[in-house]
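[1] what shape does this take:
(chains A and B)
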Amino acid sequence: MCEVLRCSKCVLSESFPGIKIDKHGVCNYCRDSLSLDEMNTTRDELKAKMSIAIDTNRNISEYDAIVAFSGGKDSSFTLKMLVEKHDLNCLAVTVDNGFLSDKALDNCRAITGSLGVDFMLFTPAPDFMMNMYRQSVSKDGKKLINRSALKRASAICNSCINLINNVMVKLALQHNCRIIAGGYIGGQIPSGAAVLNIDLLEREGMKKHLKDTYQNLYGKKADKFFYLRNDELKKYNPDKPLIVINPMLTLAISEEQIIDSIKKLGWVKTTDTGMNSSNCKLNDLGIALHYKEYQFHPYEAEIAEQVRYGIMDRQKALDKIKTIPQFDKLDWQMKKIGILINNE
Amino acid sequence: MKEKIKEFMESNFLFEFNDEVTEKTNLFTEGYMDSFGFIELITFLESTFDVKFQADELTGNKFGSVEAVIESLKSKGISDV
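    The predicted model follows:
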């Protein structure tokens, strides 16, 4: 593989959307980013905003928060934080996408067991999931993946994230719970997304015109997995919007520190989920397909931000994003979702 | 200035303006910009035009298209767009 030009400060490559590398080798994302001091101040402000949001929306029903919990390191740490630091009564929900590592499921049970948290495993019908992944990389299916989201994650990951988000919203409505928590880390999404108000009426309205496309590609179950029913929407009070929190965006914490912390709860590193995931055995195929189409690693944005703020060593970052999974090692995943790649 | 906004959108949301995607196109509903992309757009506008939008100014789809963005900037006294 030929060497690509990368920002000398972070690790973004010349193929990354919107990048401009100057004569000093530094990219516009680094030049325009907050200084370390400014970022620390922002994190403190977000922490305060999140605490207020949590305090305003807790003790309303049997669960304070529905937590999107994959059993991976980041969502495990998030759950720990919500329980131990914020004393929230959480329902941890794992969506088994058909590629959940056995060890990740063990981790789900270990973490929720140690924290004394209720745990729900939801397994959508495998035929639906495999078709969803297959369609996510098809010409028509790509129309359902938001273009701006492809800067941060592969099409395969995004299709799953859309489904999981909807599952979490449905559960929040069912349980009359106002807080949904996720384990996004810095660089995966903008730091401003540490606390977000979600207007469900607006959200449903915006994707209404895509309903036919969803149904054509995904069949009748598309409604269930990507939309809310009217009776579900009736449970929603627009005066009291759902709050989505991503507590890890308020922290500067390294991968090593996260793992050290959750190891004490019985978390064990997976060995079958590739270099960038700690729960999903399909992740590497998503990376390979993304790289083939866009020529940048879908983890570049988050890894670059960690390097920029000194959370990850630059060499470690380069090792992570220079290693692109090869299709010939991903045969069983491709067969399972039913795609054929000509890897030339 | 308008070109700068369009350039930001094209490079960050992975599309190109053409006959189908125009300055009137709602990038939210057409699937080019999600809520996180929206935050990136606001951050870009605030730093580029040295303005600060309040929470109530961000609701009601005032930033969905290039035209809407320009109107929002004009309402903040930025006319050189």
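
[2] phi and psi next, for the residue lying farthest from the centre of chain B.
    Note on chain B: the largest C-alpha distance from the chain mean falls to B:D19, namely 18.4 Å (C-alpha atoms, centre = their mean). Main-chain dihedrals, B:D19, degrees, to the nearest 10: phi -70, psi -30.

[3] give me the pLDDT value at it.
    Looking at B:D19, its pLDDT stands at 91.

[4] same check, this time on the one 5 residues further on
    The pLDDT attached to B:K24 in the predicted structure is 95.

[5] check the one 5 residues further on too.
    B:T29 is assigned a predicted lDDT (pLDDT) of 84.

[6] neighbours around it, how many?
    Number of residues near B:T29 (other C-beta atoms under 10 Å in any protein chain shown) recorded here: 17. Heads up, the C-betas are built off the backbone N, CA and C, glycines and all.

[7] could you check how far the residue nearest to it when sequence neighbours are not counted is from A:S136?
    Nearest residue to B:T29 in three dimensions, chain neighbours excluded: A:M206, at 5.1 Å (C-beta to C-beta, 6 or more residues apart in numbering or on different chains). As judged by C-beta to C-beta, to the nearest Å, A:M206 and A:S136 stand 19 Å apart.

[8] kindly report the same for A:I245.
    27 Å.

[9] show me which of the two is the more surrounded one.
    More neighbours surround A:I245 than the other of A:I245 and A:S136, with 29 against 24 (other C-beta under 10 Å).

[10] for that one, list each beta-bridge partner.
    Taking DSSP bridges as the rule, A:I245 bridges to A:A181, A:V195.

[11] quick check, pLDDT for it.
    Reading off the model, A:I245 has pLDDT 97.

[12] could you list every residue that touches it?
    A:I245 sits next to A:M50, A:A53, A:I54, A:A65, A:I179, A:I180, A:A181, A:G182, A:A194, A:V195, A:L196 when contact means C-beta atoms under 8 Å, 6 or more residues apart in numbering or on different chains.

[13] and for A:V169?
    Per C-beta under 8 Å, 6+ apart, neighbours of A:V169: A:I180, A:I198, A:L200, A:L228, A:L242.

[14] roughly how far is the longest helix along chain B from the heart of the chain?
    In chain B, taking DSSP state H as the definition, the longest helix is helix B:35-49. When distances are taken as C-alpha atoms, centre = their mean, to the nearest Å, helix B:35-49 is centred 8 Å away from the chain's centroid.

[15] what comes up buried for whichever helix or strand comes after that helix?
    Once the chain leaves helix B:35-49, the next helix or strand it forms, by DSSP states H and E, is helix B:66-75. Buried residues in helix B:66-75, counted by 16 or more other C-beta atoms under 10 Å in any protein chain shown: B:V66, B:A68, B:V69, B:I70, B:S72, B:L73.

[16] by mean pLDDT, which helix or strand of chain A comes out lowest?
    helix A:200-206 (a mean of 86; mean pLDDT, DSSP states H and E).

[17] give me the packing partners of that one, helices and strands only.
    helix A:230-234 (3 or more C-beta pairs under 8 Å, 6 or more residues apart in numbering or on different chains; DSSP states H and E).

[18] so which of the buried residues of helix B:66-75 reach chain A?
    Among the buried residues of helix B:66-75, proximity to chain A is found for none (C-beta under 8 Å from any C-beta of the partner chain).

[19] list of residues touching the least confident helix or strand of chain A?
    A:V169, A:Y227, A:L228, A:L233, A:Y236, A:P238, A:P241, A:L242, B:F28, B:T29.

[20] try stretch A:324-338
    So stretch A:324-338 is contacted by A:1, A:98-99, A:130, A:133-134, A:274-275, A:281-282, A:284-285, A:287-288, A:291, A:297, A:340-341, A:343 (C-beta under 8 Å, 6+ apart).

[21] any idea which element A:V93 lies in?
    Assigned by DSSP H and E, A:V93 falls in strand A:90-95.

[22] run me through the strand neighbours of that strand, direction for each.
    Applying DSSP bridges, one finds strand A:90-95 paired with strand A:65-68 (parallel), strand A:118-122 (parallel).

[23] tell me which of those sits most buried.
    strand A:65-68 (a mean of 26; mean count of other C-beta atoms under 10 Å in any protein chain shown).

[24] so what's A:P126 up against?
    If you count contacts by C-beta under 8 Å, 6+ apart, then A:P126 has A:G98 around it.

[25] quick revisit: could you dump the contacts of helix A:200-206 to TSV with distance to A:L330 and secondary structure?
    Converted to TSV, these look like this (distance: C-beta to C-beta, whole Å; DSSP: H, G, I helix; E, B strand; the rest coil):
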residue	distance to A:L330	secondary structure
A:V169	32	helix
A:Y227	31	coil
A:L228	34	coil
A:L233	39	helix
A:Y236	40	coil
A:P238	44	coil
A:P241	40	coil
A:L242	36	strand
B:F28	34	coil
B:T29	35	coil
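
[26] can you add distance to B:I39 and give those residues back as a markdown table?
    As requested, those are exported to a markdown table (distance: C-beta to C-beta, whole Å):
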| residue | distance to B:I39 |
| --- | --- |
| A:V169 | 19 |
| A:Y227 | 24 |
| A:L228 | 23 |
| A:L233 | 25 |
| A:Y236 | 23 |
| A:P238 | 21 |
| A:P241 | 16 |
| A:L242 | 17 |
| B:F28 | 13 |
| B:T29 | 18 |
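
[27] closest to A:I311 among these?
    A:L242 (29.4 Å; C-beta to C-beta).
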